Structures are given as structure tokens and as C-alpha cells.
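>>> for reference, the sequence and a predicted model appear below.
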Amino acid sequence: MTGTATLRDWIEAKLAAELAPARLDVVDESHLHAGHSGARPGGETHFRVDVVSDAFEGKSRVDRHRVVNALLAEAFARGLHALAVKARTPSEAG
């Protein structure tokens, strides 16, 4: 990760590069968790990801989450506390 990009930008770039998604939404929801465990001033601790990719074809929901979590391991190591994932194939997304 670079020091100039936001964590949101880094997550988006990483998932875009690795999954070639048809759709990708990355939302920083840290403000919703102020005062909770893992929250810190400045946010960038709690994110929601909605990703649609052919890479998920034939994978279970759990395996899809494992793929996303593995790709973002560096973000977790640097302070990402919580990640909500919605991972679908293009046929599931409609």
C-alpha cells in the first residue's frame, strides 16, 4: 500500500486488478462504527464491498469471501478491522 492513496482506493485497485470485476463498489462505513471496537479517528476501519466477477464462478459463498479476504490481507495487517462482502457472479447479479 502507498501512503498517498486512501485505504478505500487501495482496496478498489487491488480487487479490480485481481478479480477483473464487472461491478465493484467499495464503501467506507467507518463513521457508522465510531466508538465501537476497532474504530479509530480518521476512519478507514470498516468497509463494505460488493463485487461481481467471473472469478467466483463455481465457488461457494465461503470460498468467495476467502478469496476477497486473502487479497486484502495486507489491509487487515494495517488496521482494517471489519469487511462486509457481497461476492457474486455476473449471472447472479442479473
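Sure thing, it's come through.
>>> tabulate the CA atom coordinates of the helix or strand bottoming out on mean pLDDT in the chain in CSV.
Ranked by mean pLDDT, DSSP states H and E, the helix or strand of the chain with the weakest confidence is helix 73-77, at a mean of 92. Coordinates of the C-alpha atoms in helix 73-77 are reproduced here as CSV (Å, rounded to 0.1, in the frame of the first residue of the first chain):
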residue,chain,number,x,y,z
ALA,A,73,-4.7,-9.5,3.9
GLU,A,74,-2.3,-6.5,3.8
ALA,A,75,-5.1,-4.1,4.6
PHE,A,76,-6.1,-6.2,7.6
ALA,A,77,-2.5,-6.2,8.7
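>>> start at 26, not 1
Yep, numbering from 26; the last one is helix 98-102 now.
>>> can you count the residues close to the closest residue to residue 104 other than its chain neighbours?
Ranked by Cβ to Cβ, 6 or more residues apart in numbering and with sequence neighbours excluded, the top spatial neighbour of residue 104 is residue 70, at 6.4 Å. Placement of C-beta: from N, CA and C, glycine included. Other residues near residue 70 number 23, with proximity taken as other Cβ atoms under 10 Å.
>>> and the pLDDT for residue 70?
At residue 70, the pLDDT value in this model is 84.
>>> that one touches residue 100, doesn't it?
No - shown here, residue 70 and residue 100 do not form a contact pair, counting by Cβ atoms under 8 Å, at 10.2 Å.
>>> just the CA atoms of stretch 44-59, as CSV, please.
Taking Å, rounded to 0.1, in the frame of the first residue of the first chain, the C-alpha atoms of stretch 44-59 are listed here in CSV:
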residue,chain,number,x,y,z
LEU,A,44,-10.7,-10.1,-10.0
ALA,A,45,-11.4,-8.0,-13.2
PRO,A,46,-14.9,-7.3,-11.8
ALA,A,47,-17.9,-6.5,-13.9
ARG,A,48,-19.0,-4.4,-10.9
LEU,A,49,-17.2,-3.2,-7.8
ASP,A,50,-18.5,-0.9,-5.1
VAL,A,51,-16.3,-0.2,-2.1
VAL,A,52,-17.9,1.9,0.7
ASP,A,53,-16.1,3.1,3.9
GLU,A,54,-18.7,2.6,6.7
SER,A,55,-16.3,3.5,9.5
HIS,A,56,-18.4,6.5,10.5
LEU,A,57,-21.2,4.1,11.4
HIS,A,58,-18.9,2.3,13.9
ALA,A,59,-17.5,5.3,15.8
